[in-house]
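> sequence and predicted model, in that order:
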Amino acid sequence: MNVLVINCGSSSLKYQLINSESEEVLAKGLCERIGIDGRLTYQKAGLDKEVTDAPMPTHKEAIKMVLDALTNDKTGAIGSLSEVGAVGHRMVHGGEKFTSSAVINDEMIKAVESCNPLAPLHNPANLIGVNACKELMPDVPMVGVFDTAFHQTMPKEAYLYGLPYEYYEKYGVRRYGFHGTSHSFVSKETAKFLGMDLENSKIIVAHLGNGASISAVKNGKCVDTSMGLTPLAGLVMGTRCGDIDPAILEYIAQKENLDLAGVMNVLNKKSGVQGISGVSSDFRDLENGMNEGNERCADALNVFSYNVAKFIGAYVAAMNGVDAIAFTAGIGENAPLVREKVLGYLGYLGVVLDAEANKKRGENNVISTPDSKVKVVVVPTNEELAICRDTVALVK
Ligand code: ADP
């Protein structure tokens, strides 16, 4: 079956058409500047990217252009839309309502809408994509795959905050966690790759991208994760602050004469390694900066790596041990220096880094030595493939 995977944001939309049997990507691309002017990028497997500027007043026109590109007689990946067997939508917040992926129907959409207050920017955008596909392909089954679902197995002690309990009951204030599709995919891939029994394993997944989170996965189930009610919590990230003393909000508001929205803007967009370095949120720039003697770039890299190591230590405690640590996403997959710095803190666990193996890129890779007590791996994440697999499992 061919599955169209859609990740719909407020003004952009990423897509992949995947053959679920071969798990090959037949075509992929993105629509940008929806509602502004509009640009479609389309790439059929094996061919160059095509970029077309065309008006996309709404997501419906954007998806129509994607469908036209996919079925176009010159560079289309399929002959007609009847070859799309299902659509898998990435959904950000499923609250406590969704503990796994779900077939999209009217009742399901209502349940997602009830979670909108928890992700006011993301969920409505995801649903716009769902509605546009429903209009254009009314007979094709669709599935929603939630960023939060994998983390719903966390025990209460991991998800409750030290706040008045009524905020949890009335407003749903608790830890939800994000990147769940990636944490689920990478923990399963790690067990498979290392020949471990997932049902009897303790794995820590470090998803280190522009947004970064860590999770503790015991016997295949998430028991703790670093992001919280929102994706602002946990690790120091590209531009997000991660965990800070909450009293800083009031202090900075007074000092900088900012309102709450102004402070939140700083915490989301001007903090993290960007804020520390004053140079960039991109780890390639930070490494270059450090190599040229920029001390704040070195500080940013060190703070980030120390943060990751501290969370790993916490999750070893949460699971009373660890068998494997997996690095994934942009930084986790591509930054040997960060992995080396993180693992430098974990000697007490019996982690021994294989410096040669740590230099490799691009595929599943063990970077610990054979005598290392804990296996350390790099496992590229593939959220689109995970969405495709869940979609097929639910529509078959
Ligand atoms: P997201 O999906 O959260 O936007 P990604 O997982 O794509 O993020 O990660 C993007 C980040 O990965 C970049 O901002 C950069 O910091 C980092 N990155 C990508 N390639 C490299 C590299 N070769 N070396 C170091 N860092 C890299």
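Yep, it's here. Every value quoted in this text rests on a predicted model; they were computed, and no experiment measured them.
> so what touches stretch 138-147?
81, 84-94, 98, 101-104, 108, 112, 126, 130, 133-134, 178-181, 386-387, 390-391, 394-395 (Cβ atoms under 8 Å, 6 or more residues apart in numbering). From N, CA and C alone the C-beta is placed, and that goes for glycine too.
> helices - which of those residues land there?
108, 112, 126, 130, 133-134, 180-181, 386-387, 390-391, 394-395 (DSSP state H).
> what's the most distant pair in these?
134 and 180 (24.3 Å; Cβ to Cβ).
> so which residue of the stretch 101-250 of the chain comes closest to the ligand?
residue 209 (2.4 Å; Cβ to the nearest ligand atom).
> phi and psi next, for that residue.
Dihedral pair for residue 209: phi -120, psi -160, per degrees, to the nearest 10.
> which non-adjacent residue is nearest it?
The shortest distance from residue 209 to any non-neighbouring residue, by Cβ to Cβ, 6 or more residues apart in numbering, is to residue 329 (3.6 Å).
> same check on residue 330?
Counting by Cβ to Cβ, 6+ apart, the residue nearest residue 330 is residue 209, at 4.4 Å.
> the one you found: neighbour count?
Residues near residue 209, counting by other Cβ atoms under 10 Å, number 18.
> show me what contacts it?
Counted by Cβ under 8 Å, 6+ apart, residue 209 has contacts 238, 329, 330, 331, 332.
> do that again at 10 Å, thanks
By Cβ atoms under 10 Å, 6 or more residues apart in numbering, the contact set of residue 209 is 179, 182, 237, 238, 283, 328, 329, 330, 331, 332, 333, 381.
> please tell me how far it sits from residue 305.
15 Å (Cβ to Cβ, to the nearest Å).
> check which helix or strand the residue in the chain that the ligand sits nearest to maps to.
Proximity of the chain to the ligand (Cβ to the nearest ligand atom) peaks at residue 330, 1.9 Å away. Assigned by DSSP states H and E, residue 330 belongs to helix 329-334.
> I'd say the residue nearest to residue 209 and residue 235 touch.
No: checked against Cβ atoms under 10 Å, the pair residue 329 and residue 235 is beyond contact range at 11.5 Å.
> find residues that contact each of these two.
Both residue 329 and residue 235 are in contact with 206, 207, 208, 211, 212, 213, where contact means Cβ under 10 Å, 6+ apart.
> what is the neighbour count of the third one?
Other residues near residue 208 come to 28 when the count uses other Cβ under 10 Å.
> beta partners of it?
Applying DSSP bridges to residue 208 gives these bridge partners: residue 212.
> return the residues of the stretch 251-396 of the chain in contact with the ligand.
281, 282, 283, 284, 329, 330, 331, 334, 335 (Cβ under 6 Å from any ligand atom).
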